[in-house]
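# I would like to see how this sequence folds:
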Amino acid sequence: MLTGLVLAAGGSLRLGEAKQLLPYRGRTLLDATLDMARACRFDQLIVALGGSAAQIRDRVDLSGCTVIDNPRFSSGCGSSVRAGVARVSADAFVLLLGDQPGVRATDVWRVAAVPTELGVCRYADGLGHPFLFRREVFAELMRLQGDKAVWKLLHSGRHRVTEVPVEGPAPIDVDTRDDYRRLQAGDSR
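Below is the predicted model:
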């Protein structure tokens, strides 16, 4: 069994509006990411919401998802990871970003197939999401704090990590207006 955990709880402070709801290819940015996640056919799909949760529930198709609310979203993505891990029913999960619709389902499954406790994509320009976490690291994930928490675990040296080569640069993660403009211009990577 495999779970997908989509982080969509951020407050979009750098962007100034809910990035999850930005228009993208006839729907919202989060809808596009969830469409890709549904294409992965996870056994369980969890979406963590926080900032703008009410508007997201009104405007995004959350069907087939277990939606969790993270009232501590402003403390960083570590709190959303903790909230999500508590609900994972599988022995492993793939961590996806709700503002990164350029991830390909084939790459999700390639990283999900790694034999180690952690898996990460190795793009031409460095490491990036999606990540795989096996149950052996769940307890440690439950102690994560702040932003970039999963990166700290990845680079800690305490766990075996497999890097999965992926062609091209990492998909755009929308944090700023420039990121969004690049994505809208058709540059998903």
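
# continuing past whichever strand or helix holds residue 122, what's the next helix or strand?
According to DSSP states H and E, residue 122 maps onto strand 118-123. With elements assigned by DSSP H and E, the helix or strand that comes after strand 118-123 is strand 126-134.

# if we can go back for a sec, and the strand holding residue 122 with strand 126-134, angle?
Put simply, strand 118-123 runs at 160 degrees to strand 126-134, going by axes from the mean of the first three to the mean of the last three CA atoms, to 10 degrees.

# Report the distance from strand 118-123 to the chain centre.
13 Å (CA atoms, centre = their mean, to the nearest Å).

# Return the set of buried residues in that strand.
Buried residues in strand 118-123, counted by 16 or more other CB atoms under 10 Å: 118-121, 123. For every residue, glycine as well, the C-beta is placed using N, CA and C.

# quick check, nearest of those to residue 97?
Within these, the smallest distance to residue 97 is 11.9 Å, found for residue 121 (CB to CB).

# Local confidence estimate at that closest one?
pLDDT for residue 121: 98.

# got the CA coordinates for the strand holding residue 122 in CSV?
Extracted as CSV, the C-alpha positions of strand 118-123 are listed here (Å, rounded to 0.1, in the frame of the first residue of the first chain):
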residue,chain,number,x,y,z
LEU,A,118,13.9,7.6,2.0
GLY,A,119,13.7,8.4,-1.7
VAL,A,120,14.1,11.7,-3.5
CYS,A,121,14.2,12.9,-7.1
ARG,A,122,17.5,14.0,-8.5
TYR,A,123,16.8,16.6,-11.3
